[in-house]
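> My questions concern the predicted model and sequence given below.
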Amino acid sequence: MADTEEVDYTLANPDTLTKYKIAGEISAKVLEKVKAACVDGAKIIDVSVLGDKLLEEETGKVYKGKKVFKGIAFPTAVSPNYIATHLSPLPTEPEAEIALHTGDVVKISLGAHIDGFAGILADTIVVGDAAIEPRVADLISSAWFASEAAIRTAKPGNKNWDVTEIVSKVADMYGTKPLEDMLSHQQTRNVIDGSKRIILNPSEGKKKGIDTFEFAEGEVYGLDILVSTGDGKVKQSESRTTIYKKTENTYSLKLKVSRSLFSEVQKRFGPFPFSTRALEEEKKARMGLQECTQHELLIAYDIYEDKKSEIVAEYFTTIAVTKNGIVKIAGPAVPDLTKFKSEKEITDEALLKVINSALKPSSKKKSKKKLAKKDGEAAAEEEDAE
């Protein structure tokens, strides 16, 4: 019997990038519908449930009839104003009654995966047509340009600390701060939190734990850029955590309810984060979650918040580092910056050069080839000699 051929899951296999892109397209499509649902009076729980429902529906439409693992790579979270991350309430919690209001600055994060290749994104919007406050204009501009600078800095030869530095520089231009110790990770098949990490605004304690690395062709990263109008220091919220993810750790669970929960997580969600809303029996799940998290079989995506007087913006983009440049697999829509007219601007020429640079640099060699076609064989021979 012939040996089973090992599948290449790297970007060298065109099928890998195709699956990433399909996941990204689904995430972008769902994001637009979720954004449209963020109107005055809309409850956050209803918007979150809608996003997850759409992610399931859209992933169900592709690779039909094939044994391909697909679904939610990150459950929908809707975090307004000072709430920085991961607010995705349960129907039984007080947060289920939180409604959006005109003028709220809302961060929406979600993601789909196809065959374990995740296209995760996050966007920031302002609800309704209220006049934009100057500090909101500063914040949105800051976060957007910091994200664009980060994406263009994640190229071969540059280090993770180069991204940390350029995000801080852009934020400073607008009088804002990146959120302290927030992490971005390398992604691979079935992994959204790889060992290569990028940190924002590192505290001394966290900085020492981040290894230095260089970006390389063939890598995928989820770049999560969060910026605050305040000092960037956030704290864990008192709101109940609802998003969890399975780890690679092992432990023999003692409680039957814990074993049942963990089995459900393995079968339905695999290595990707899930909302406890999606579990079959929510009340029993709470008991099981305690033992699973205590022994680190599951990790929590805690809700973080800034001071109530501050606002946080977020842009999350999944990118691929390819031989032809940076490819945005999944990411937020380009904001209408005419709505966010900041009186502040980036004056540093080096920063502007990075932000305005193309994701896929034009090739001089390709230009020469086009010229050769026009000028005949002599020009082509001259190029070959070079």
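Received the coordinates, thanks.
> Just the buried residues of the lengthiest helix in the chain, please?
Ranked by residue count, the top helix of the chain under DSSP state H comes out as helix 14-37. Judged by neighbour count (16 or more other Cβ atoms under 10 Å), helix 14-37 contains these buried residues: 16-17, 19-28, 30-31, 34-35, 37. From N, CA and C alone the C-beta is placed, and that goes for glycine too.
> Could I get the full set of helices for the protein?
Counting by DSSP H, the helices of the chain are 14-37, 44-59, 134-153, 160-173, 204-207, 256-268, 282-294, 349-355, 364-375, 377-385.
> With distance to residue 300 and mean pLDDT added, can I get those helices in TSV?
Putting the helices of the chain into TSV (distance: least, Cβ to Cβ, whole Å; pLDDT from 0 to 100) gives the following:
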stretch	distance to residue 300	mean pLDDT
helix 14-37	23	98
helix 44-59	17	98
helix 134-153	25	98
helix 160-173	25	98
helix 204-207	18	91
helix 256-268	13	95
helix 282-294	6	88
helix 349-355	35	97
helix 364-375	49	44
helix 377-385	57	37
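> if you compare the ones you listed, which one is most tucked away?
Mean neighbour count (mean count of other Cβ atoms under 10 Å) peaks for helix 134-153 among these, with a mean of 24.
> and it with helix 160-173, angle?
With axes from the mean of the first three to the mean of the last three Cα atoms, to 10 degrees as the basis, helix 134-153 and helix 160-173 are set at 160 degrees to each other.
> Just list what helix 134-153 packs against, helices and strands only.
On a contact count with 3 or more Cβ pairs under 8 Å, 6 or more residues apart in numbering; DSSP states H and E, helix 134-153 meets strand 105-114, strand 117-126, helix 160-173, strand 219-228, strand 312-322, strand 325-330, helix 349-355.
> Can you lay out the ones you listed as a markdown table showing distance to residue 8?
Below are the helices and strands packed on helix 134-153 laid out as a markdown table (distance: least, Cβ to Cβ, whole Å):
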| stretch | distance to residue 8 |
| --- | --- |
| strand 105-114 | 16 |
| strand 117-126 | 13 |
| helix 160-173 | 26 |
| strand 219-228 | 14 |
| strand 312-322 | 15 |
| strand 325-330 | 18 |
| helix 349-355 | 33 |
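> Nearest to residue 82, out of these?
strand 312-322 (6.6 Å; Cβ to Cβ).
> what packs against the closest one?
By 3+ Cβ pairs under 8 Å, 6+ apart, strand 312-322 packs against helix 14-37, strand 83-85, strand 105-114, strand 117-126, helix 134-153, strand 219-228, strand 325-330.
> Using CSV, write out the CA atom coordinates for the longest one.
Looking back up the chat, that one is helix 14-37. C-alpha atoms of helix 14-37 as CSV (Å, rounded to 0.1, in the frame of the first residue of the first chain):
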residue,chain,number,x,y,z
PRO,A,14,-2.3,27.8,-3.6
ASP,A,15,-5.3,26.0,-2.0
THR,A,16,-4.2,27.4,1.4
LEU,A,17,-4.4,31.0,0.3
THR,A,18,-7.7,30.3,-1.4
LYS,A,19,-9.3,29.0,1.8
TYR,A,20,-7.9,31.9,3.7
LYS,A,21,-9.4,34.3,1.2
ILE,A,22,-12.8,32.6,1.2
ALA,A,23,-12.8,32.8,5.0
GLY,A,24,-11.9,36.5,4.8
GLU,A,25,-14.6,37.2,2.2
ILE,A,26,-17.2,35.6,4.4
SER,A,27,-16.0,37.6,7.5
ALA,A,28,-16.2,40.8,5.5
LYS,A,29,-19.7,40.0,4.2
VAL,A,30,-21.0,39.2,7.7
LEU,A,31,-19.3,42.3,9.1
GLU,A,32,-21.2,44.6,6.8
LYS,A,33,-24.5,43.1,7.9
VAL,A,34,-23.6,43.3,11.5
LYS,A,35,-22.5,47.0,11.1
ALA,A,36,-25.9,47.7,9.5
ALA,A,37,-27.6,46.2,12.5
